[in-house]
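# Okay, predicted coordinates and the sequence, questions at the end:
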Amino acid sequence: MLNYIAQRAALAIAVAITVSLAAFVLLNIATDPAYAIAGEDADPEVVEQIRQRFGLDRPVWVRYGDWLLGVLRGDFGVSYYWNRPVASLVAERVGTTLTLAFSALFVTIAIAIPLGALAALNRNTWIDRFALWVAVSAQAIPNFWLGLILIILLAVIFPIFPVSGDQTWRHFVLPAFVLGASSVPPVMRLMRTGLIEVMGSDYIRTARSKGFRGQSLLTRHALRNALLPVVSVLAVQLGHKVGGSVITESVFAINGLGRLALQSILGADIPTVQILIFIFALVFVAMNLLADILNAALDPRIRIG
Amino acid sequence: MSETTQRTPPATESAAQDLPPSPGQLARARAWTHRGFQVGAGILVMLILVAIFAPFLAPHDPFQQSLSNRLLPPVWVEGGNWTYLLGTDQVGRDYLSRLIHGTRVSITIGLGAATVGLIIGVTLGVLAGYFGGWIDHAASFVLTAQLALPGLLLAMALVFFIGPSLFVVIGIIGVLGWTYFMVVTRSATQHIKGLDYVAAARASGATPRQIIWHEILPNLSSKIIVIFTFEVGVAILAESALSFLGVGIQAPIPSWGLMIAEGKDAMFFRPWLVVLPGILLFILVIGANLMGDGLRDITSPEEKS
């Protein structure tokens, strides 16, 4: 088990470093950071001065090494746009994004798991078809548009929730629903196929023949096993939530990491964009590692085989 | 590739009459009875026709501004008129004409980006699956790293920094959207590689290149078409999100995502400006998804759940 975790963790670290290098190089190819600081139509001499002062005349891998060492020491650099340390910008907003991500995950669980279980238990009935229809629709709705429609319906026509902002829990209801809805299709489908498979397995037949019926058969035997794969997928989906916060936070004007990312891109603030890409990738990698460990802990075949 | 390297004898029509129906015939027969496929394909064909004939269908020039006709409501709302069926936008452009021309933007980007993703993903997947060994390890590591990249955020930054244009949007969405192609073609290639007809081709002296082009790729084609259909929908949603956030297609091009962003400020009084482009996006993407689901059921019914 420990061996397996160590192997997975080493891979996760290698992936995180590769991703940060790729993002660093790509961003530096896509734009000239010296011009980003000085402005598009700056005097070439001024740009040259900036290039030397910020050390931007060095090769890109030297600058990457510098950047990575800084990040490992907790030095995230200084934002060009906000003129403040990136670390303080991130620290101010990370709590808001985490609140949003976990509320969204709660919405996903509350919708996808009952719906998937009901669909599996009522296979090929109207309930099953309804669940499938929900999944197909949720996959095709543009996330930002769903947000705007909910604002029009539930904040303007029926003023139940506030239009935008992040001051109270009521501000988080609509954004959490929008962000959570995007994960409903994969989780619902997995729950459905998992439960169908479990219900057809030998040990359920055995339990049935021993006289287990209805509620106890479902809770004591079937659901528990069908939920195992869902748990690790939920960890992965939580990683997606943090990345998906970019759109939701922009629609609802929530001051989290996602909105900071959009503002930094529009302000050509490369240090902030770089750190945010790194953080989002790190969260994703960590969540995948967690999913791997959960899988191994719950299913001995993985850690031994 | 010359004709002499063709190893599978062409199936003649006369021979097929006595034999059981070929997989292709079975698939066509299933297509006639699959309702999801028919609905999806119907939507796609119709919208592709709208895109092709947009200049003839649109009643007005989608770029023609008119200060005296700004923000006219649709014909069914008080104050609307039959000249501008769906009203006009903030600068007096005919909304129906812009929606019709928007079909072109979405479909061009969907097909273009999915093609870029197909080329990258299938190349990596087939090479990794066929050759195995270090090539497989390297390609799989690239896949793991790509999956960990926050795709939307990186796409936003790269498109905006390189300079948003149709080709940049297609290229970036495509370059970041190949993972599904690779995952599926890799494992399918591993499976096909071990089958008798590949062994026979190898024994008769075929080079790896001939085996890949004549034995493996033709047998992957139905899987690739299914993924391509889904990826068209994914790319269309990605473009709409980028354009909505202001880092994708730029004004005055009529992109549905951009039109939603432009209508957002007026959405409390003129909700149709936001509702209409979103409904079109939803219909187009659901068409692609239904067709993808249908194609999968038709070409490989054993995977139907």
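Yep, it's here.
# all contacts plus neighbour counts: C-alpha atoms, from now on.
OK.
# To which secondary structure element is the spatially most central residue of chain A assigned?
What sits nearest the mean C-alpha location of chain A, by Cα atoms, centre = their mean, is residue A:240, with 2.1 Å. Assessed by DSSP states H and E, residue A:240 sits inside helix A:224-251.
# Show me what that helix packs onto, helices and strands only.
helix A:86-121, helix A:143-151, helix A:170-181, helix A:184-199, helix A:257-266, helix A:270-298, helix B:151-162, helix B:217-245 (3 or more Cα pairs under 8 Å, 6 or more residues apart in numbering or on different chains; DSSP states H and E).
# Neighbours of the nearest residue to residue A:128 once chain neighbours are set aside, how many?
Excluding the flanking residues, the one nearest residue A:128 by Cα to Cα, 6 or more residues apart in numbering or on different chains is residue A:119, at 4.1 Å. Neighbour count for residue A:119, taken as other Cα atoms under 10 Å in any protein chain shown: 26.
# What of residue B:219?
15.
# go on, the one 10 residues further on?
Applying other Cα under 10 Å, we find 22 other residues in the vicinity of residue B:229.
# now the one 5 residues further on
Residue B:234 is flanked by 22 other residues according to other Cα under 10 Å.
# what does chain B put close to chain A?
B:141, B:144-146, B:148-150, B:152-154, B:156-158, B:160-162, B:233, B:237, B:240-241, B:245, B:247, B:260, B:264, B:267-268, B:271, B:274-275, B:278, B:281-283, B:285-286, B:289-290, B:305 (Cα under 8 Å from any Cα of the partner chain).
# so where's the chain uncertain?
This is for chain A. For chain A, applying pLDDT under 70 flags the ranges A:214-215, A:220, A:302-305.
# Chain B was what I was after
B:1-17, B:302-305.
# which helix is the longest one in it?
helix B:95-131 (DSSP state H).
# can you give me the angle the very next helix or strand once past that helix makes with helix B:95-131?
Downstream of helix B:95-131, the first helix or strand assigned by DSSP H and E is helix B:133-148. For helix B:133-148 against helix B:95-131, the angle by axes from the mean of the first three to the mean of the last three Cα atoms, to 10 degrees is 150 degrees.
# coming back round to it: where's the residue nearest to the centre of chain A relative to residue A:260, distance?
17 Å (Cα to Cα, to the nearest Å).
# Give the buried residues for stretch A:17-30.
Residues A:17, A:18, A:19, A:20, A:21, A:23, A:24, A:27 are the ones in stretch A:17-30 that count as buried (16 or more other Cα atoms under 10 Å in any protein chain shown).
# Figure out how far it is from the centre of its chain.
Here stretch A:17-30 is found 20 Å from its chain centre; the criterion is Cα atoms, centre = their mean, to the nearest Å.
# wait, does it contact chain B?
Yes: residues of stretch A:17-30 are located near chain B by Cα under 8 Å from any Cα, namely A:18, A:19, A:23, A:26, A:27, A:30.
# May I see the residues you listed arranged in a markdown table, with secondary structure and distance to residue B:183 as well?
As requested, the residues of stretch A:17-30 next to chain B are arranged in a markdown table below (DSSP: H, G, I helix; E, B strand; the rest coil; distance: Cα to Cα, whole Å):
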| residue | secondary structure | distance to residue B:183 |
| --- | --- | --- |
| A:18 | helix | 20 |
| A:19 | helix | 19 |
| A:23 | helix | 22 |
| A:26 | helix | 24 |
| A:27 | helix | 27 |
| A:30 | helix | 28 |
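# which of the residues you listed lies closest to chain B?
When these are ranked by distance to chain B (Cα to the nearest Cα), residue A:30 comes first, at 4.9 Å.
# Just give the nearest non-adjacent residue to that closest one, would you?
Among residues not flanking residue A:30 along the chain, residue B:162 sits closest, at 4.9 Å (Cα to Cα, 6+ apart).
# which SSE is residue B:209 in?
Counting by DSSP H and E, the element that carries residue B:209 is helix B:208-211.
# Enumerate every residue touching residue A:204.
Contact analysis of residue A:204 by Cα atoms under 8 Å, 6 or more residues apart in numbering or on different chains lists A:198, A:217, A:221, A:222.
# Contact residues of chain A facing chain B?
A:15-16, A:18-19, A:23, A:26-27, A:30-31, A:136-137, A:139-142, A:144-145, A:148-149, A:152, A:156, A:193, A:243-244, A:246-247, A:250, A:261-262, A:265-266, A:268, A:273, A:277, A:280-282, A:284-285.
# Selection in PyMOL covering whichever of these are buried, please.
To isolate the buried subset of the residues of chain A next to chain B in PyMOL, counting by 16+ other Cα under 10 Å, use the following:
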select buried, chain A and resi 15+16+18+19+23+27+31+136+137+139+140+141+142+144+145+148+149+152+156+193+243+244+246+247+250+261+262+265+266+268+273+277+280+281+282+284+285
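# for residue 185, what are its contacts?
No chain in the question, so chain A it is. Per Cα under 8 Å, 6+ apart, neighbours of residue A:185: A:112, A:134, A:135, A:136, A:138, A:139.
# that answer is for a different chain, and I need it for chain B
Contacts for residue B:185 (Cα under 8 Å, 6+ apart) come out as B:121, B:122, B:125, B:126, B:129, B:220, B:223, B:224.
# With residue A:240 instead?
Neighbouring residues of residue A:240 by Cα under 8 Å, 6+ apart: residue A:284.
# I'd like to know how far it sits from residue B:174.
For residue A:240, the distance to residue B:174 - Cα to Cα - is 19 Å.
# and if you look at residue B:270?
35 Å.
# more crowded one of those two?
Neighbour tally, residue B:270 and residue B:174, criterion other Cα under 10 Å: the higher count belongs to residue B:174, 27 against 17.
# is it true that the more buried one touches residue B:116?
Yes: using Cα atoms under 8 Å, residue B:174 is in contact with residue B:116, at 4.8 Å.
# Mind listing what's buried along the longest helix of chain B?
By neighbour count on 16+ other Cα under 10 Å, the buried set for helix B:95-131 is B:95-118, B:120-130.
# Likewise for stretch B:58-67?
In stretch B:58-67, the ones that count as buried by 16+ other Cα under 10 Å are B:58, B:59, B:60, B:62, B:63, B:65.
# what about the third one, which SS state?
I take that to be residue B:60. Following DSSP: H, G, I helix; E, B strand; the rest coil, residue B:60 is assigned to coil.
# what residues are up against it?
Residue B:60 neighbours (Cα under 8 Å, 6+ apart): B:94, B:97.
# And it, how far from chain A?
Per Cα to the nearest Cα, to the nearest Å, residue B:60 is found 26 Å from chain A.
# For that residue, grab phi and psi.
phi -130, psi 170 (degrees, to the nearest 10).
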